[in-house]
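1. could you look at this predicted model? Sequence included:
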Amino acid sequence: MNTVVRWFWFSSPQTFFPLAGKIARWCALAAALLALAGLYVGLFVAPTDAQQGEVYRIIFIHVPAAWMSMFLYLVMAFWAAVGLAFNTRLSYLMARALAPTGALFTFIALWTGSLWGKPTWGTYWVWDARLTSELILLFLYLGFIALQASIDDTRRADRAGAVLAIVGAVNVPIIYYSVQWWNTLHQGASVSLTKAPSMAATMLAGMLLMALAFWLYSIAIALFRVRCLILERE
């Protein structure tokens with residue numbers, strides 16, 4: 001019971017503010033160390049791919065960024081839903097703080113995917129299901145940010161953004177399953193929870209290190225951003 005009360009105590013922006021600063025600093029340090037390790041494994045330790053050569057190494061940025069673009073949108077939609085359900089200010093602030101980072105990772109996924117597509121597909125862009133739905137995800141992030149910025153009343157802005165975030169969440173499973181539902185140029189998943197990974201162990205290690213680094217970076221930057229939002233509002 002005391003643990004539950006303590007968690008509710010941290011739901012207040014004023015009490016969450018110092019805790020967010022401590023967590024953010026440790027996550028930022030861990031993210032930097034893991035990113036260095038992941039880049040070292042991906043660029044210098046992982047073997048050259050037999051079919052794609054050295055160009056495949058872009059996956060150590062592209063794939064974790066794509067994972068984070070989808071995961072962060074679901075987390076943003078979750079906090080938006082909590083805000084709508086319980087009218088908690090901190091939930092709305094968390095959703096708002098996550099949006100720029102999600103948009104950044106979506107852009108990185110699209111950009112690196114284009115760089116990877118040129119030597120493998122012969123073109124920077126094709127309007128297949130995976131790429132198009134990922135582009136829609138970027139527009140959803142930008143739309144969420146623009147919608148909240150266009151409404152002066154913060155409470156109305158929070159509610160309007162929350163509705164958009166929740167409705168837009170339907171796009172995430174479309175992105176994930178697009179290579180199964182439609183014929184696309186995009187390759188299927190190399191890492192799955194239901195089967196063994198179809199890549200060398202060092203390749204997988206480098207990718208997972210980068211994914212963890214991006215995850216911790218997202219936590220750190222979102223908490224730093226939510227602290228700024230708390231100072232602006234409170």
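-> Good, I have the coordinates.
2. tell me the helix or strand right after the helix or strand of the chain with the lowest mean pLDDT.
-> Every helix and strand of the chain was ranked by mean pLDDT, DSSP states H and E. The lowest is helix 2-9, at a mean of 48. Using DSSP states H and E, the helix or strand that follows helix 2-9 in sequence is helix 13-40.
3. distance from the chain centre to that next one, please.
-> Put simply, helix 13-40 sits 16 Å off its chain's centre (Cα atoms, centre = their mean, to the nearest Å).
4. show me what that helix is packed against.
-> helix 89-121, helix 201-233 (3 or more Cβ pairs under 8 Å, 6 or more residues apart in numbering; DSSP states H and E). Quick note: C-beta positions are derived from backbone N, CA and C, even for glycine.
5. I'd like those helices laid out as TSV, including distance to Ala66 and mean neighbour count.
-> Shown next, in TSV, are the helices and strands packed on helix 13-40 (distance: least, Cβ to Cβ, whole Å; neighbours: other Cβ atoms under 10 Å):
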stretch	distance to Ala66	mean neighbour count
helix 89-121	4	21
helix 201-233	10	19
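6. select, out of those, the one closest to Ala46.
-> Ala46 sits nearest to helix 201-233 of all these, at 4.6 Å, using Cβ to Cβ.
7. and that closest one, what other elements does it pack with?
-> Secondary-structure packing of helix 201-233 (3+ Cβ pairs under 8 Å, 6+ apart): helix 13-40, helix 59-86, helix 89-121.
8. tell me the mean pLDDT for it?
-> For helix 201-233, mean pLDDT rounds to 94.
9. what sits against Pro173?
-> If a contact means Cβ atoms under 8 Å, 6 or more residues apart in numbering, then Pro173 has no contacts.
10. show me what counts as buried in the helix or strand where it lies.
-> Using DSSP H and E, Pro173 sits within helix 171-181. By neighbour count on 16 or more other Cβ atoms under 10 Å, the buried set for helix 171-181 is 171-172, 174-176, 178-179.
11. would CSV of the residues you listed with distance to Asp153 be doable?
-> Output for those, formatted as CSV (distance: Cβ to Cβ, whole Å):
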residue, distance to Asp153
Asn171, 27
Val172, 29
Ile174, 32
Ile175, 32
Tyr176, 35
Ser178, 37
Val179, 42
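12. for this protein, give me the ranges with low pLDDT.
-> Where the chain drops to pLDDT under 70, the residues are 1-11, 50, 182-199, 234.
13. try it again at 90.
-> Where the chain drops to pLDDT under 90, the residues are 1-18, 46-58, 87-88, 113-132, 175-204, 232-234.
14. contacts for stretch 29-36?
-> Counting by Cβ under 8 Å, 6+ apart, 209-210, 212-217, 220 sit against stretch 29-36.
15. I meant to write stretch 113-122 there.
-> 52, 55-56, 58-59, 62, 66, 123-126, 131, 134, 185.
16. next one: stretch 44-64
-> Contacts with stretch 44-64, where a contact means Cβ under 8 Å, 6+ apart, come from 38-39, 42-43, 108-109, 112-113, 115-116, 119-120, 190-191, 200, 202-203, 205-207, 210-211, 213-214.
17. switch to 6 Å and redo it
-> Stretch 44-64 is contacted by residues 42, 112-113, 116, 119, 200, 202-203, 206-207, 210-211, 214 when judged by Cβ atoms under 6 Å, 6 or more residues apart in numbering.
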